[in-house]
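Student: here is my input, please return the structure:
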Amino acid sequence: FRLIAEFSNDAEIPILVLIIPDHLQVIAPGVLADYDFYRPQRILKKHFDAIGLKYLDILADFQTARDRDRLYFREDKHWTREGHALAARLVLPMALQMTGQ
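Tutor: Numbers count the residues shown, from 1 in each chain. Predicted structure coming up:
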């Protein structure tokens, strides 16, 4: 990620990293009692802050979504139409701001 940050800064190209939550973080955050479900986000945020990359962490938004059980397919755990739509609604304002629109 450091090279991406350097390149985007040098070329004046805005980069936004989307921190995508795992389905277990959204649908069943308490399923593994000893696992820290927020650790991946903390690690990534610390790294992105250190190298100056803008990011958007959508975990809390996915966890509090009314239809959170419909954001991921049951079998392959990719986003459904609802998951993609929510992510787009969250990314769009920041992307527009970063591009000066």
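
Student: contacting residues for the residue nearest to Glu82 when sequence neighbours are not counted?
Tutor: Nearest non-adjacent residue to Glu82, counting by C-beta to C-beta, 6 or more residues apart in numbering: Arg70, 4.9 Å away. Glycine gets a C-beta too; all of them are placed from N, C-alpha and C. With contacts defined as C-beta atoms under 8 Å, 6 or more residues apart in numbering, Arg70 is in contact with Thr80, Glu82, Gly83.

Student: quick one: which of those residues is nearest to Asp34?
Tutor: Proximity of those to Asp34 (C-beta to C-beta) peaks at Gly83, which lies at 27.2 Å.

Student: tell me the pLDDT at that closest one?
Tutor: Gly83 carries a pLDDT score of 98 in this model.

Student: wait, is it part of a strand?
Tutor: No - Gly83 is assigned helix when assessed by DSSP: H, G, I helix; E, B strand; the rest coil, not a strand.

Student: and the contacts of Arg70 as a markdown table, adding neighbour count and distance to Tyr35?
Tutor: Below are these laid out as a markdown table (neighbours: other C-beta atoms under 10 Å; distance: C-beta to C-beta, whole Å):
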| residue | neighbour count | distance to Tyr35 |
| --- | --- | --- |
| Thr80 | 14 | 24 |
| Glu82 | 16 | 26 |
| Gly83 | 23 | 22 |
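
Student: from those, which is closest to Phe7?
Tutor: Once C-beta to C-beta is applied, the member of the contacts of Arg70 that ends up nearest Phe7 is Gly83, at 29.5 Å.
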